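Enquirer: Dropping a prediction and its sequence here:
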Amino acid sequence: MHPGGPFWARKDNGAWSIPKGIIAEGEGKLEAAKREFAEETSISPSEPFIYLGEVRQKSGKSVYAWAFERNGDPPQIKSNMFKIEWPPRSGRMNAFPEIDQGKFFTLPEAHQKINEHQAEFLNRLAEHLACS
């Protein structure tokens, strides 16, 4: 997923992220991941799931990830909107989508595109695939 808004508009490599969100109370991590993926991409994830573990974001938040195999159409993005003052110090509040694009990438492409703090997920997936 590529983040929306003016800060990310001209950034590509290193800007992309996996779909993620908040785990609801009483919800398991995998269930939350499946729900967030489906909500943000309009694609229902399916088994088997490959657990890729946890990484800690620069912000200190933990992100848990799973992979699954999929062939087919690219994701259809459903994004929430957020408001910020833009341009800065203009006094004008503008709305932007949290996510402006969603795509599937090969592993080499994904390594170029993904946020550096999530690259470990790709390393773990590559290791899993090499062992399969």
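Expert: On my side now, so go ahead.

Enquirer: Just the pLDDT for the residue positioned nearest the centre of the chain.
Expert: The chain has residue 18 as the residue nearest its centroid, 2.0 Å off, counting by C-alpha atoms, centre = their mean. Model confidence at residue 18, given as pLDDT, is 94.

Enquirer: How about the one 5 residues further on?
Expert: Among the per-residue scores, residue 23 shows a pLDDT of 95.

Enquirer: so it makes contact with residue 34?
Expert: No. Residue 23 is beyond contact range of residue 34, at 11.5 Å (criterion: C-beta atoms under 8 Å). C-betas here are computed from N, CA, C, even on glycine.

Enquirer: just to revisit the earlier point, the residue nearest to the centre of the chain looks like it's in a helix, true?
Expert: No. Under DSSP: H, G, I helix; E, B strand; the rest coil, residue 18 sits outside any helix and is assigned coil.

Enquirer: if we can go back for a sec, hey, what's in contact with both of residue 23 and residue 34?
Expert: With contacts defined as C-beta atoms under 8 Å, 6 or more residues apart in numbering, no residue is adjacent to both residue 23 and residue 34.

Enquirer: So residue 48 versus residue 128, what's the distance?
Expert: 11 Å (C-beta to C-beta, to the nearest Å).
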